[in-house]
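Undergrad: Just the structure for this:
(chains A and B)
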Amino acid sequence: MARPCIAETGAWSMLLFVGKRLFQSLFVLFGLSLLIFFIARVMPGDPARAALGFLATDEQVERLRDEMHLNDPFPVQYYHWLRALLHGDLGRSSYTKRPVTEDLVQYLPATFELILFATLISAVVGQVTGVLAGYFRNSWFDGLSRVVSYLGIATPSFVVAILLLFVFSQVLRLAPGVGRLPIMMTAPPRITGFMTIDGLLAGRPDIAWTAIKHMVLPAISLAVIHIAQEGRITRTSIVENMQKDYITIHKVHGIRTSKLVFKYLLKPSIIPTVTVMGLDFAFLMSNAFLVEMVYMWPGFSRYAVTAMLNKDLNAIVAVVLVIGLTFALVNLLVDIVIMGLDPTVRLRRGGG
Amino acid sequence: MVLAVSLLAAFAAAGEVDNVAVINGYPVIIADPAAASDWYDTEAMYNLYSPLVYPDPAGGVRAHLATSWEAVGGDYAHWRFNLREGVKFHSGHEMTAEDVAFSMTRFITMGKGNSGPLGQVTAEIIDPYTVDFLLDKPSAIFPDTLALFFVVEKELVSANVDPDGSYGENGDYGENWLATHDAGTGPYMMTSHIPGQRLDATRFADYFEGWSNEGWAEDEVPIEQLVFIMESDYTTLMTLLRSGDLDLEINGGWTLPQLEDIDEDPALNLASVWAQNVTVWMNTQVPPTDDEHFRKAILYAFDYEGIVGPWEDFGNGETGILLPNMPGYVPIEPQPRQQNLDRAAEELALSKYANNLRDVTAVFHFCGGLDFEEDIGLQLQADMAALGVNVEVAGPPWPEYSAECASPESTPNMTIFLFAPQAAPTHDYYTYSMFAPNGLGWIFEAHWYFEDQDIIDLLDATRAEPDPAARLALYEQVQPLIADRALAFYPYQKPTLFAHQAYIVGPSETIVFVGPSENMHKWRINLELKEELRGS
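TA: Residues are numbered from 1 along each chain as shown, chains lettered A, B, ... in the order given. So this is what the prediction gives:
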């Protein structure tokens, strides 16, 4: 009878934990919205003039300022925005002239798909490299991975992007050029916005495969720096854990190397890496801009920077909130994963 | 038999390549002609719609949707336009005066895009092919201001109005629908549009100007399908151009090494089809550029040859208040266009800042991200340093930069802008609109000088003069007067170099004044050459 009770307590405490974190996130997002709403409005530049263009008269600009409530006091402007938000309306982009929600639906999936792919690459390559370098520390592989990692960390993503595009697309012609699909290829009907999934749902695996091929170079460009970082962190963690007593005892007892690594060493060693991976994912949301530029990727990050440069107030606030929400959710997910990986954390949460 | 086989082979060969032109342009955001403004949007406008009158390389405008026009009553506040018969909209309906009157009322009521220079205009239908425009104030150059007035189909737009709009009983006036659809008479029909990302269009066979092969070689056929992409990274564009994925690039933001590469590639060509006037305004209301001698010192200190130098082979050259390609252009000081530091020092000595030059700083702002504008600022900084004057150079982003020019107090000493015939297709834009108290203001008049009555009288006379030749003479008279006030300096005329595949054939290989050269009705494709150069 005791076991289900403990399990129920664990599940309940987990639910409580998630609920509490989500509730806290609401406050964070509220604070963030206030902050960015204020910053966006005090930034130099007239959004109405930016929206109307060169030949608009002063009267036309003034009329648009009124329509956008820009002549109202700041709290009134925020009230209008918050009221619309509660009705699911993030306002209209003064740059694209469309509802911001439509823009987000258009651009978010492209970036999500790309950075998920980049995260997958960095997780696999980074951790395998880190584990091998840590286990065979001070070997030639460890030395080589160190040098390559430093190069990866020191090289900006857009430089890698241009280099890969030039070598693999322009010179060797091994990879496709830019965009999510070839310019003249018709995209499948939009269901999820993920080109690979939509291709499969449309019964067109060829489109899905083409989309994957188009993602390879930009995803590697984004992943390189994170492969390097995550590889180094995993390596340090492995080295540290290998010196712990329980590993020594397992070794003395003659446990097989593969069992030692996969069962006893890997799990505690990847905890710091998982934390960093979560942050990296959210970081990529806002920092994939230059890679998206180089690869003509119609993504969220590029949209975000365009919004900033054009003082597109509604889009700026929406973009910051989406990034904030991503950080909050990814961090929550990371905490849950860590609870699964680390019994001490799980027990602490369980104990309240 | 042999002939038949050869013909079949030729058709088969021609069928192997796509008759598609992939074009890179600025982001087309607004595809509604009543809301489109910058020359960005004119890329779409001239392909999807037709203006009432068309900018004429000889100056002024020529017949297009309107075949002729005249002022009624002699005070230039009432104009009558006779319309071309048989013009078809993409829907197949014929264009009539109702459509033109609706388009004008919509244009003025919405008050967006290029409607500013027109003032208040009321449209009256006289008969199916005649429309009158009544102006709130007389203008002898009214027809010239219509070069950016495009006609939409009344019935189609009215059927797609969202009643929940900001134009009262007109709802949204069809603005949202026109963002992703077209209702025009232009040579191409929109098939899809993702604002800021991609616009697809297909050839309109019933285009009123027709698709005659006259003047073109036998192999040069109309382009059937256009795909406008909107990429701003020129490394990427070079990759696309080299791989044959891009056929034509019409923004011309290439670096010098890239231009040299394109020039050397036998599969690629460069076309210099229109130019921009690079203009550096000098704010006459804030120190130290409030002093005319100080401004003249800047004119003479600037190293024109140094800045043009490496670009000379690609067409950068002299310019002034008007572009040299415009009829009536008058060269302005300094002549010859060379740095003259002695003369600059003389002017500085005459300025009220002569005794405290070390304490003086002139601020030069450019639009952040535009390297060639920064180069001009840095060149001037070095030139003025030789005279002991400090020039501060900075490039704030566009919204901040353009907002600075809202008032004389907030406008920096020097601001640099490009004025292109795409968005400013007539003489009036470069004269009255830029130097008259009732001009366009803002970035068009960031010199803030409106004190010289002789200049104002002459500019008023240009708008009152109905005879084009006499008007041109007035433009010639006013240029030296404006130049003598040293309100701006003009580093160079910057041609826009269209890089394109050799199989895409352009309208001209020389600079012309008028800009809608991205009207793809004026371009052709040589499918045989495409097959030869790029395969399928």
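
Undergrad: Now the residue in the stretch 101-250 of chain A that chain B sits nearest to. Nearest residue, chain neighbours left out?
TA: With distances taken as CB to the nearest CB, the stretch 101-250 of chain A approaches chain B most closely at A:Q170, which sits 4.9 Å away. Any C-beta I mention is one placed from the backbone N, CA and C, and that applies to glycine too. On the basis of CB to CB, 6 or more residues apart in numbering or on different chains, the spatially nearest residue to A:Q170 that is not a chain neighbour turns out to be B:T239, at 4.9 Å.

Undergrad: looking just at contacts, which helices and strands does the particular helix or strand that has that neighbour in it meet?
TA: Here B:T239 sits within helix B:234-243, counting by DSSP states H and E. Counting contacts by 3 or more CB pairs under 8 Å, 6 or more residues apart in numbering or on different chains; DSSP states H and E, the secondary-structure elements packed against helix B:234-243 are helix A:289-294, strand B:20-24, helix B:256-264.

Undergrad: which residues touch the residue lying closest to B:D32 once chain neighbours are set aside?
TA: By the measure of CB to CB, 6+ apart, the closest residue to B:D32 outside its immediate chain neighbours is B:L178, 3.8 Å from it. With contact set as CB atoms under 8 Å, 6 or more residues apart in numbering or on different chains, B:L178 has these partners: B:A31, B:D32, B:P33, B:V152, B:V157, B:N160.

Undergrad: Repeat that for B:R84.
TA: Contacts for B:R84 were tallied using CB under 8 Å, 6+ apart; they are B:A63, B:H64, B:L65, B:A66, B:T67, B:M95, B:Y129, B:F208.

Undergrad: give me phi/psi at it?
TA: Torsion angles at B:R84 (phi, psi; degrees, to the nearest 10) stand at phi -70, psi 140.

Undergrad: Could I get the buried residue list for stretch B:239-246?
TA: Of the residues in stretch B:239-246, those with enough neighbours to count as buried (16 or more other CB atoms under 10 Å in any protein chain shown) are B:T239, B:L240, B:L241, B:R242, B:G244, B:D245, B:L246.

Undergrad: out of those, what pair is the most spread apart?
TA: Taking every pair in the buried residues of stretch B:239-246 and measuring CB to CB, the maximum separation is 10.6 Å, between B:T239 and B:G244.

Undergrad: Quick one: name whatever helix or strand follows the helix or strand where A:A84 lies.
TA: Following DSSP H and E, one finds A:A84 within helix A:74-86. Scanning forward in sequence from helix A:74-86 by DSSP H and E, the next helix or strand is helix A:100-135.

Undergrad: Mind pulling up the pLDDT for B:N390?
TA: Turning to B:N390, the model gives it a pLDDT of 97.

Undergrad: bridging residues for it?
TA: The bridge-partner assignment for B:N390, based on DSSP bridges, gives B:T361.

Undergrad: residues contacting it?
TA: Taking CB under 8 Å, 6+ apart as the contact definition, B:N390 lies against B:R358, B:V360, B:T361, B:A362, B:M384.

Undergrad: Name only those of the contacts of B:R84 that count as buried.
TA: A residue is treated as buried here by neighbour count (16+ other CB under 10 Å); on that basis the buried members of these are B:A63, B:H64, B:L65, B:A66, B:M95, B:Y129, B:F208.

Undergrad: Contact partners for the fifth one?
TA: Yep, that's B:M95 we're talking about. Listed by CB under 8 Å, 6+ apart, the contact partners of B:M95 are B:L65, B:L83, B:R84, B:V87, B:K88, B:F89, B:V151, B:E153, B:T185.

Undergrad: What of the first one?
TA: With contacts taken as CB under 8 Å, 6+ apart, B:A63 has the following neighbours: B:V53, B:Y54, B:R84.

Undergrad: Kindly reformat the residues you listed as JSON lines containing distance to A:L85 and pLDDT.
TA: Formatted as JSON lines, those follow (distance: CB to CB, whole Å; pLDDT from 0 to 100):
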{"residue": "B:V53", "distance to A:L85": "46", "pLDDT": "93"}
{"residue": "B:Y54", "distance to A:L85": "47", "pLDDT": "88"}
{"residue": "B:R84", "distance to A:L85": "50", "pLDDT": "98"}
